[in-house]
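>>> Sharing a sequence plus its predicted fold:
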Amino acid sequence: MKVSRRIVLKGIGGVALALPLLESFRPRKAQAADPVTPPFVIFLRQACGVAAAGNTGEIGAEPERFWPKDYGALTADNVSGRALDELTDHLGSLLVVKNVNMQNFNYGDGHARGALQGLTARGPTVENAAGSSEAAGESIDHRIGAQLNPEGRDSLFLYAGANSGWLGGACISYRGAAQRRSALHDPWSVYQQLIGGSAGLSPEARQRLVGRQQSVNDLVREQLSTVMTHPALSGSDKTRLKLHLDAVRDLELTLTCKLNENDELKLQGDAPGFASNDGFQVVKTVKLHMDLAALAVACGYTRSVAIQVGNGNDGSIRYPDHETGQLMSNNFHYISHRRESHDANGTVIPGSDYLHHKVDRQFGKMFKHLLDRLSAFDSAEGQKMLFHGLAVWYNDNGNGPPHSANHIPYVIGGSAGGQFKQGQYLAAADSSNTKNHAKMLNTIGAAMGLKNSAGGPLDDFGDPSLPKGRLTELLV
């Protein structure tokens, strides 16, 4: 069996199922210089800041409910009572970073500044345009895909929630100045792209998947049997292959369970789910996107994924309350402002600082799902996929009121193949006044293998006015 970078099984009518590179078929001469599992990154974006300590005119003194208690080792006690205790199972694989500060570019609105700058580290194309703003440059998720993906394939950009509202819905990923990328909304469309390639599924393949409720595994069963019985396949590779195929089957079953009863749409997403403002549906969609993202990086489809939850200020989704089991009475943007309005003029929402904490916990639960999925896949080297990549939970703002550009939360899972520190809570070494957000993106991009204009590790990404370099204190 001749294998280069990836084993690709081609099934009937254009179905293709990409598998993890199996060590048994890897060219011996490439082992020293060419890693089997290259680093990858999956970004999860949260809007509106976190429930951090502060003093607001609406609530008064607000206690700390997000950041760990002390710098140093991440332990269960250090995150007890904070939103991060949702991630207790993965503390040894996390790096929590404080003192990451954005430039206060004149976007005319704190949400536009955070959302559009988040992955671009760029100012606006037109100043003070607020809801009509656009970022003036490429986003790091797109750069990684364009330069490092097979054949320059676009990175995945996934969106959950109603695709409308403030900043027009999907707004964090850019090809270039004022060139927003369209997000994939429906999980079924994402899955079809993964298994069918750029051409999608043929009518015959779709009919076999939908009409007969077969798995894509069934469509490539002959090829699978050939691979599984190959004498060169090791026991660990057989285990890895089975895990991968089980993940495909489980994902298809999950997609089927959330769909409507129309036989023509057995595997097609139920629009009210992925385009809903109902927090229960949004959370389900985000977890499906995470399942797909984990599968995509595990099989080498992409090196970069960005997942956006909610529109520009997440001003329409009502999230589930984990204590009552009901949806919260107010949308997240109202809660983040502590008022029943999209500005500073509405009625104060009693206890809204604690409600904000509950939303943070929901994002913590979603992020845990991503970490769980990445930990379920084994690489050819025998490590968990989480070790090889980075899962990055970041925010548009530092807190609720006043939506600060400073202390932007960064919770990083994984180590990019041993490059990043783990199990620690630390502050970026720059002063509290240094606008070092671009350095964070450079650090992530360089860990993926991106280069600067001189051919060295990436350190010049972002707005030309911002300080260059990397946050080397995050690295081992």
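Received the coordinates, thanks. Numbers count the residues shown, from 1 in each chain.
>>> Relative to L22, how far out is A232?
9 Å (C-beta to C-beta, to the nearest Å). Yep, even glycine has a C-beta here, placed from its N, CA and C like the rest.
>>> ok, now F66?
As for F66, its distance to L22 is 41 Å (criterion: C-beta to C-beta).
>>> Tell me the helix or strand right after the strand or helix carrying K284.
Using DSSP states H and E, K284 maps to helix 279-298. As assigned by DSSP H and E, the chain's next helix or strand after helix 279-298 is strand 304-309.
>>> contacts for that next one?
40-47, 119, 139, 141-142, 144-145, 148-149, 155-161, 170-173, 183, 282, 286, 289-290, 293, 296-297, 317, 363, 366, 448 (C-beta atoms under 8 Å, 6 or more residues apart in numbering).
>>> T434: neighbouring residues, count only.
Per other C-beta atoms under 10 Å, the neighbour tally for T434 reads 16.
>>> which residues touch it?
So T434 contacts 101, 428, 467 (C-beta under 8 Å, 6+ apart).
>>> let's go with 6 Å and repeat that
By C-beta atoms under 6 Å, 6 or more residues apart in numbering, the contact list for T434 is empty.
>>> so it, which of the three states?
When classified by DSSP: H, G, I helix; E, B strand; the rest coil, T434 comes out as coil.
>>> now it: how far from A428?
Relative to A428, and taking C-beta to C-beta, T434 is found at 8 Å.
>>> Can you list the buried residues in the helix or strand where G364 lies?
Here G364 is covered by helix 352-376, with elements defined by DSSP H and E. For helix 352-376, the neighbour count (16 or more other C-beta atoms under 10 Å) marks 352-353, 355-371, 373-376 as buried.
>>> Output the helix or strand following it as CSV, nothing but the C-alphas.
Of the helices and strands lying after helix 352-376 in sequence (DSSP H and E), the nearest is helix 385-388. Extracted in CSV, the C-alpha atoms of helix 385-388 (Å, rounded to 0.1, in the frame of the first residue of the first chain):
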residue,chain,number,x,y,z
MET,A,385,-4.6,14.9,19.9
LEU,A,386,-5.0,17.6,22.5
PHE,A,387,-1.2,17.4,23.1
HIS,A,388,-0.4,18.1,19.5
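>>> State the mean pLDDT of helix 385-388.
Averaged over helix 385-388, pLDDT sits at 96.
>>> What of stretch 116-133?
97.
>>> Pull out the buried positions in that stretch.
For stretch 116-133, by 16+ other C-beta under 10 Å, it's 116-124, 130, 133.
>>> ok, now stretch 168-184?
169-174, 180-181, 183-184.
>>> Please state the offset of the helix holding G364 from the chain centre?
Averaged C-alpha coordinates place helix 352-376 at 12 Å from its chain's average position (C-alpha atoms, centre = their mean, to the nearest Å).
>>> pLDDT averaged over it - what is it?
Computed over helix 352-376, the mean pLDDT rounds to 97.
>>> and if you look at stretch 393-406?
Mean predicted confidence for stretch 393-406 is 96.
>>> residues near the closest residue to L288 other than its chain neighbours, how many?
Counting by C-beta to C-beta, 6 or more residues apart in numbering, L288 lies nearest to P187, which is 4.2 Å off, once chain neighbours are set aside. Using other C-beta under 10 Å, P187 is surrounded by 29 other residues.
>>> can I assume P187 is in contact with M290?
No - between P187 and M290 there is no contact under C-beta atoms under 6 Å: 10.1 Å.
>>> Could I get the full set of helices for this structure?
76-79, 110-117, 140-148, 187-196, 203-210, 216-219, 221-228, 235-257, 271-274, 279-298, 332-337, 352-376, 385-388, 437-448 (DSSP state H).
>>> Can you tell me which of those helices has the worst average pLDDT?
Least confidently modelled of those is helix 271-274, at a mean of 65 by mean pLDDT.
>>> got the phi/psi numbers for the residue sitting furthest away from the middle of the chain?
The C-alpha centroid of the chain is most remote from P231, which lies 38.1 Å away (C-alpha atoms, centre = their mean). With angles defined as degrees, to the nearest 10, P231 sits at phi -60, psi -20.
>>> what separates A429 from L474, distance-wise?
9 Å.
>>> And these two? Which one has more around it.
Between A429 and L474, counting by other C-beta under 10 Å, L474 is the more crowded of the two (22 against 12).
>>> Would you enumerate the residues in contact with that one?
Applying C-beta under 6 Å, 6+ apart, the residues contacting L474 are 420, 443.
>>> mind checking how far it is from Q419?
Distance from L474 to Q419, by C-beta to C-beta: 9 Å.
>>> still on that earlier bit, how far does the helix holding K284 sit from the chain's center?
With C-alpha atoms, centre = their mean, you get 9 Å for helix 279-298.
>>> now stretch 54-71
Distance of stretch 54-71 from the chain centroid (C-alpha atoms, centre = their mean) equals 26 Å.
>>> Now the terminal residues of stretch 165-172, how far apart.
End-to-end distance for stretch 165-172: 14 Å, by C-alpha to C-alpha, to the nearest Å.
>>> what does stretch 460-468 give?
Per C-alpha to C-alpha, stretch 460-468 runs 5 Å from first to last residue.
>>> Repeat that for stretch 98-108.
Stretch 98-108 end-to-end distance (C-alpha to C-alpha) = 25 Å.
>>> And stretch 340-358, by the same measure?
17 Å.
>>> picking that back up, let's have the buried residues of stretch 116-133 in TSV, adding distance to N442.
Shown next, in TSV, are the buried residues of stretch 116-133 (distance: C-beta to C-beta, whole Å):
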residue	distance to N442
L116	18
Q117	14
G118	14
L119	12
T120	12
A121	8
R122	13
G123	17
P124	21
A130	28
S133	23
